[in-house]
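*Asks:* dropping the sequence and predicted coords here.
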Amino acid sequence: MRTTRIAVAVAAGVVMMAGLTACNSGGDKSNGTGGGSASGGSNDAAGAKSPLDAALASLKSASQQTNGKNSAKVEGTTKNGAMTQTMKGAMDWASGMHMSVDITQAGGPMGGSGKPMKALYTPDAMYMNMGMPMGGKNWIKYDYDVMAKKMGAAGALMKDMMNNNNPGRSVDLLIASGKVKEVGKEDVRGVQATHYSGTLSVSELTRMQTKNVSEADLKSLEQQLQGMGAKNETIDLWVSSDNLLVKKHEQMDGKSPYDSTVYYSDYGTKVSVTPPPASDTTEYK
């Protein structure tokens with residue numbers, strides 16, 4: 001029972017973090033196209049921007065504005081195979097990642113109580129409160145270095161994601177890919193926003209990771225995703241007139257399809273995260 005509960009908490013915490021951030025780009029974004037192809041992105045004879053260049057320029061502004069706000073409230077739903085997870089809370093990325101959220105999980109091979117679990121994230125570790133004490137302690141601590149060693153090829157990427165998560169990473173990925181189009185204007189919870197969309201292959205996703213991930217890990221990660229039947233990921237972003245990301249939707253195909261929708265609001269909100277005392281914490285090893 002104890003092992004199952006720990007596994008449920010790990011799955012909940014990691015899947016939720018994957019939903020909050022797309023893979024980060026390691027390409028040079030100084031020209032607005034990063035590591036992706038710029039085909040179709042040149043200006044016309046009159047000097048007007050092509051649709052691709054216009055979209056890339058808008059997303060670059062959104063990345064700068066979003067990242068510069070340092071904090072926001074978050075709310076979303078992630079479906080991974082038979083597992084569905086909802087979360088609500090706030091995150092601060094000004095100096096490493098600090099976040100406090102309530103996570104509710106249902107379905108999947110390990111099930112879920114359907115009751116909210118409290119999760120705290122710091123630059124070094126994740127803390128989960130399952131709502132049921134274990135060994136007289138209410139919290140489980142998951143050190144990122146320990147988790148990385150246990151997750152094989154995806155470990156290095158997971159550690160970087162945990163350390164450097166922020167909403168702008170999904171924007172940066174589409175910029176780096178050079179594969180994005182403007183879909184149109186839409187309403188997102190009462191906010192008028194511009195919808196952008198792009199589809200990347202698994203190979204492209206793994207080629208545009210942070211520089212902290214080794215070549216060997218990138219190849220293993222690509223093989224792992226392909227082994228799960230994954231071929232493509234589609235990323236949809238909605239950006240407000242203030243150049244702030246207000247919604248993100250990601251879909252990846254495969255044997256265990258992944259679908260995540262996250263809403264961002266109240267940028268600049270105050271976020272306070274205090275790790276629980278060691279006397280009330282069990283460490284995951």
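*Replies:* Perfect, thanks for sending it.
*Asks:* which stretches of this protein form helices?
*Replies:* Ranges of helices in the chain, per DSSP state H, are 2-20, 51-69, 144-150, 155-164, 168-177, 202-207, 215-227.
*Asks:* just checking, what packs against the third one?
*Replies:* Counting by 3 or more CB pairs under 8 Å, 6 or more residues apart in numbering; DSSP states H and E, the packing neighbours recorded for helix 144-150 are strand 125-134, helix 155-164. (C-beta placed from N, C-alpha, C; glycine too.)
*Asks:* repeat that for 6 Å
*Replies:* When contacts are defined as 3 or more CB pairs under 6 Å, 6 or more residues apart in numbering; DSSP states H and E, helix 144-150 sits against helix 155-164.
*Asks:* next: the second one.
*Replies:* With contacts defined as 3+ CB pairs under 6 Å, 6+ apart, helix 51-69 has these neighbours: helix 168-177.
*Asks:* the helix it packs on: how far from the chain's middle?
*Replies:* Here helix 168-177 is found 11 Å from its chain centre; the criterion is CA atoms, centre = their mean, to the nearest Å.
*Asks:* repeat for stretch 220-240
*Replies:* So, by CA atoms, centre = their mean, the centroid of stretch 220-240 is 12 Å from its chain's centroid.
*Asks:* could you do stretch 179-199 as well?
*Replies:* 18 Å.
*Asks:* cool, and stretch 271-285?
*Replies:* 23 Å.
*Asks:* what comes up buried for it?
*Replies:* Residues 271, 273, 276, 281, 282, 284 are the ones in stretch 271-285 that count as buried (16 or more other CB atoms under 10 Å).
*Asks:* burial measure for the closest residue to the second one other than its chain neighbours, as a count.
*Replies:* If you skip the residues right next to it in sequence, residue 273 has residue 98 as its closest partner in space, 4.2 Å away by CB to CB, 6 or more residues apart in numbering. Other residues within reach of residue 98 by the criterion other CB atoms under 10 Å amount to 20.
*Asks:* pLDDT below threshold where in the protein?
*Replies:* Applying pLDDT under 70 to the chain picks out residues 1-48, 108-113, 152-158, 164, 206-214, 218.
*Asks:* from residue 180, how far off is the residue nearest to residue 186 when sequence neighbours are not counted?
*Replies:* Take residue 186 and drop its neighbours on the chain: the residue closest to it by CB to CB, 6+ apart is residue 195, 5.0 Å away. Distance from residue 195 to residue 180, counting by CB to CB, to the nearest Å: 11 Å.
*Asks:* more crowded one of the two?
*Replies:* Using other CB under 10 Å, the more surrounded residue of residue 195 and residue 180 is residue 180, with 25 against 17.
*Asks:* phi first, then psi, for the more buried one.
*Replies:* When quoted as degrees, to the nearest 10, the phi and psi of residue 180 stand at phi -150, psi 150.
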